[in-house]
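A.B. asks: Starting from these lines, generate the structure:
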Amino acid sequence: MKQTGFFKSFDGVNIAYYVIGNKKGMPVVLSNGLGGNIAAWLPLINALKDRYLFITWDYRGLYKSAIPNDIHTMAIPYHVRDLETLLKKLHINKAIFVGWSMGVQVNFEFYRWHPDMFYGLTVLSGAAGYPFDTTKMLSGDPLKIMVMIVRHLGNTASRLVKFVTDRKYFFDLLKLSGIVAKTCSRQIFMDIVKDFRHLDFGVYFSSLVYLGEHSAEDVLSQITCPTLIVVGEKDLFTPLPVAQKMHESIKHSKLFSLPLGTHYAMAEYPEEITAQIEGFIRKHGLGRRRRATVSVVEREPVIADVTEVAGQ
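C.D. replies: Numbers count the residues shown, from 1 in each chain. Take a look at the predicted model:
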């Protein structure tokens, strides 16, 4: 995976970011899930890189971004400030925002701060409210307690994740459990896991704790930009009723559901989701708005070929 640059955020933390695609295309900001990085977006990027300029970053403390000295800054508002700093340095004043899982919460919170920066918004397998309360599996206080316990295991948790994901049957067990659909691409999913397994899981679960404390439900009624909501009907983490509630709360939104999709729908139905996003952009005329080439930041952002980013 090719790294395209770093920038110092508002509090001096070094954040890794990536810029891929058409320099003069409409900017599309990709906000990751907590457990994912740019690898999760490669089907979308590969399909549309000739027309759009994709921008994403690694959340503070995760993947190639530095761990902050103050672990409390792993909360959602601080990720929003990182995004705010990045777009300011790239001189991007308006974009289409696409979020997956935790990235949905980041985008909703960013909308609270900067509604005028949104041409459009895509919500992919995410929630607006407290995410610990939406899951179909262990939920509410028991889940919060479990996450807080695992957070304190630190290196033990890291070793356990590496052990489990190394097993040949790991991916097959996920399919059998229903966490991922039978149509899920092994290559896409394992590309995500490849980097995930090397995270500092004390930091990761701290992020999960703060995510569980965040809600942006009050923002939904304020959203006026075109909004596409995509959900897998078999999603155990952010199920269909959560998406339906958001659809009812956001004016002029469109809901697209995948009957067999799970939380990892982008790895399961990449062509269908890409077609929905592209159709959404075309329907609302968002792709016709053009912008200047990305400006130089602290390290010049190479507009990378996506095959380089994928490490192919």
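
A.B. asks: what about the strands in this structure?
C.D. replies: With DSSP state E as the criterion, the chain has strands at 6-8, 14-21, 26-31, 52-57, 95-100, 118-124, 227-232, 253-258.

A.B. asks: and the ones you listed as a markdown table, adding distance to Phe196?
C.D. replies: Every C-beta, even on glycine, is put in place using the N, C-alpha and C of the backbone. Output for the strands of the chain, formatted as a markdown table (distance: least, CB to CB, whole Å):
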| stretch | distance to Phe196 |
| --- | --- |
| strand 6-8 | 21 |
| strand 14-21 | 15 |
| strand 26-31 | 17 |
| strand 52-57 | 16 |
| strand 95-100 | 14 |
| strand 118-124 | 18 |
| strand 227-232 | 20 |
| strand 253-258 | 23 |
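
A.B. asks: okay, now the nearest residue to Asp166 once chain neighbours are set aside: neighbour count?
C.D. replies: Spatial nearest neighbour of Asp166, excluding adjacent residues (CB to CB, 6 or more residues apart in numbering): Arg197 at 8.0 Å. As a burial measure, Arg197 scores 15 neighbours (other CB atoms under 10 Å).

A.B. asks: who's in contact with Phe256?
C.D. replies: Listed by CB atoms under 8 Å, 6 or more residues apart in numbering, the contact set of Phe256 reads Leu228, Ile229, Val230, Val231, Gln276.

A.B. asks: try 10 Å this time
C.D. replies: Shown in contact with Phe256 (CB atoms under 10 Å, 6 or more residues apart in numbering): 122, 124, 228-231, 243, 247, 272-273, 275-277, 279-280.

A.B. asks: Could you do Asn93 as well?
C.D. replies: Here Asn93 is in contact with Pro27, Leu87, His114, Asp116, Met117, Arg291 (CB under 10 Å, 6+ apart).

A.B. asks: could you redo the last one with a cut-off of 7 Å?
C.D. replies: Met117 (CB atoms under 7 Å, 6 or more residues apart in numbering).

A.B. asks: Find the residue closest to Asn107 in space, skipping its chain neighbours.
C.D. replies: Using CB to CB, 6+ apart, the closest residue to Asn107 is Gly99 (4.0 Å).

A.B. asks: and the one you found, how many neighbours does it have?
C.D. replies: Neighbour tally, Gly99, other CB under 10 Å: 23.

A.B. asks: Distance-wise, check it relative to Thr274.
C.D. replies: Look at Gly99 and Thr274: by CB to CB, to the nearest Å, they are 16 Å apart.

A.B. asks: Low-confidence stretches in the stretch 201-312 of the chain?
C.D. replies: 289-312 (pLDDT under 70).

A.B. asks: All the helices of it, in order from the start?
C.D. replies: 201-212, 240-249, 265-268, 270-283, 306-309 (DSSP state H, counting those that start in this stretch).

A.B. asks: Of those, which is nearest Tyr169?
C.D. replies: Tyr169 lies closest, by CB to CB, to one member of the helices of the stretch 201-312 of the chain: helix 265-268, at 18.2 Å.

A.B. asks: For the closest one, buried residues please.
C.D. replies: In terms of neighbour count (16 or more other CB atoms under 10 Å), helix 265-268 has its buried residues at Ala265, Met266, Ala267, Glu268.

A.B. asks: Isn't the first one up against Pro259?
C.D. replies: No - with contact defined as CB atoms under 7 Å, Ala265 and Pro259 do not form a contacting pair (10.9 Å).

A.B. asks: which residues touch Ala16?
C.D. replies: Gln3, Phe6, Trp57, Asp58, Tyr63, Lys64, Ser65 are the contacts of Ala16 under CB under 7 Å, 6+ apart.

A.B. asks: Next up, the contacts around the closest residue in space to the fifth one that isn't next to it in sequence.
C.D. replies: Counting by CB to CB, 6+ apart, Asn37 is the residue found nearest to Tyr63 once chain neighbours are left out, at 4.9 Å. Under the criterion of CB under 7 Å, 6+ apart, the neighbours of Asn37 are Asp58, Tyr63, Asp195.

A.B. asks: Repeat the analysis, applying 10 Å as the threshold.
C.D. replies: Contacts of Asn37 by CB under 10 Å, 6+ apart are 1, 16, 18, 30, 56-59, 62-65, 191-192, 194-196, 199.

A.B. asks: Show the model's pLDDT score for the residue nearest to Asp166.
C.D. replies: Confidence at Arg197, expressed as pLDDT, is 81.

A.B. asks: Hmm, Thr165 and it touching each other?
C.D. replies: Yes - using CB atoms under 10 Å, Arg197 is in contact with Thr165, at 4.8 Å.

A.B. asks: and Ile187, how many neighbours does it have?
C.D. replies: Careful, residue 187 is Gln and not Ile. By other CB under 10 Å, neighbour count at Gln187 equals 9.

A.B. asks: Thank you kindly, that will do.
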